[in-house]
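Q: This is a predicted model, with the sequence first.
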Amino acid sequence: MRPQFSIIFFTTLAGLAQGLLFFAALLNLFTPVLPTAFLTHLALPMSLGLLALGLVASFFHLGHPERAWRAATMWRTSWLSREVIALPALIAITCLIYFYAFISEVPQWLWLALLIMTIILWVCTAKIYQCIRFIQEWSHPSTLTNFTLLGMTSGLILLELLLLIWNKPIEGLEDSGLSIAIFCLLFVSLNLKLWIWRRNKGLKPISNLATATGIKGNPIRQTSMGLMGGSFNTREFFHHQTDRVISNIRKIILLCAYVLPMILIAISINTINIGVIALVLFIHIAGLLAERWMFFAEANHPQNLYYQRVS
């Protein structure tokens, strides 16, 4: 598939905000851990800004942005429609929490609602791709697990950075504990990604050239894609990159999204430094953008059996 950069930025930024909100809600669910001033000055404005940027980025993927509201009308059958509803709902709950935090104390039920809504949005976003059965790379529970783990990881890194910027001791919350949790999430995410790549490499097309073209007989050999030039099908369902480029992007993903952040986090667990955590977040986000690009690029649409590659 041809990766759409608007969707790449949307899923990355929204996942980052969801991870931040998820852990903020988790920490404050039973007893208030994060100070109200920290929430109103840093955590909540940051998450709202990221969600807004992600929402704006998603509009660039639409052919008619003015009709975006119509996407919500198919919520009974479409995961995309459910995502269109879930994202504004998450923003609304976050704004309500900001209002309560600004004037008094956030009710426990609001933290629970925020926790649930972040999970719902992850499910809706991942299910958009997971429900497409004929794309085997996506049609697997690992799609949802990967979206959720990476969102949690990036959000927890951002939370630790914001706490270091806040630079005030918080009872019951240690920076070293957050760093250990980040390292564990990175380790699990890395192993899941390696497993996904091994699985995708071993996939075999369910269809073949005969079923794709409707021509009975064997063997069938295609010598032309049937067009003098490119078309929508040859543009939108191929990433048009060489195997060398794909291999290099995989290396970038491994290094930036997983390995380098794990090394830096491991080195700084005992001596937490704001510069190191900021570098970890920057490198990790760069790796996430590459990982999301690869997520779309490695999806092999069955129609490619007919159109083949554009030579």
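A: Yes, it's here. Numbers count the residues shown, from 1 in each chain.

Q: Number of residues surrounding His41?
A: 15 (other Cβ atoms under 10 Å). Every residue, glycine included, has its C-beta placed from N, CA and C.

Q: Whichever strand or helix holds Met294 packs against which elements?
A: Assigned by DSSP states H and E, Met294 belongs to helix 274-297. Packing partners of helix 274-297 (3 or more Cβ pairs under 8 Å, 6 or more residues apart in numbering; DSSP states H and E): helix 5-28, helix 142-166, helix 243-252, helix 260-268.

Q: And for the protein, the residue most distant from the center?
A: Largest separation from the mean C-alpha position in the chain: Gly217, at 42.8 Å (Cα atoms, centre = their mean).

Q: Can you verify that one is assigned to a strand?
A: No. Assignment of Gly217 by DSSP: H, G, I helix; E, B strand; the rest coil gives coil, placing it outside any strand.

Q: Tell me which residues touch it, please.
A: By Cβ atoms under 8 Å, 6 or more residues apart in numbering, Gly217 lies in contact with Ala210.

Q: Local confidence estimate at it?
A: At Gly217, the model reports a pLDDT of 72.

Q: That one and Lys204: what is the separation?
A: Distance, Gly217 to Lys204, by Cβ to Cβ, to the nearest Å: 21 Å.

Q: do Ile274 as well
A: Distance of Ile274 to Lys204, computed by Cβ to Cβ: 49 Å.

Q: So for these two, which sits in the more crowded spot?
A: Using other Cβ under 10 Å as the criterion, Ile274 and Lys204 rank with Ile274 on top: 15 against 6.

Q: Surely the more buried one touches Leu164?
A: Yes. Applying Cβ atoms under 8 Å as the test, Ile274 and Leu164 come out as touching, 4.2 Å apart.

Q: correct me, but Asn146 touches Leu190?
A: No. If you go by Cβ under 8 Å, Asn146 and Leu190 don't touch, sitting 11.0 Å apart.

Q: ok, and what's touching stretch 71-86?
A: Stretch 71-86 has contacts (Cβ under 8 Å, 6+ apart) with 68, 117, 120-121, 124-125, 127-128, 131.

Q: no wait, stretch 148-155
A: Stretch 148-155 is contacted by residues 12, 14-23, 119, 122, 126, 182, 185-186, 188-189, 192, 257, 281, 284-285, 288, 291 when judged by Cβ under 8 Å, 6+ apart.

Q: one more time with 6 Å, if that's ok
A: The contact list for stretch 148-155, computed with Cβ atoms under 6 Å, 6 or more residues apart in numbering, reads 15-16, 18-20, 122, 185-186, 189, 284.

Q: which among the residues you listed gets closest to Leu27?
A: Nearest to Leu27 among those is Leu20, at 11.0 Å by Cβ to Cβ.

Q: Strands along the stretch 101-250 of the chain, start to end?
A: With DSSP state E, counting those that start in this stretch as the criterion, the stretch 101-250 of the chain has no strands.

Q: so where's it uncertain?
A: Along the stretch 101-250 of the chain, the parts satisfying pLDDT under 70 run over 172, 212, 222-230.

Q: mind redoing it with 80?
A: Along the stretch 101-250 of the chain, the model assigns pLDDT under 80 to residues 169-175, 205-243.
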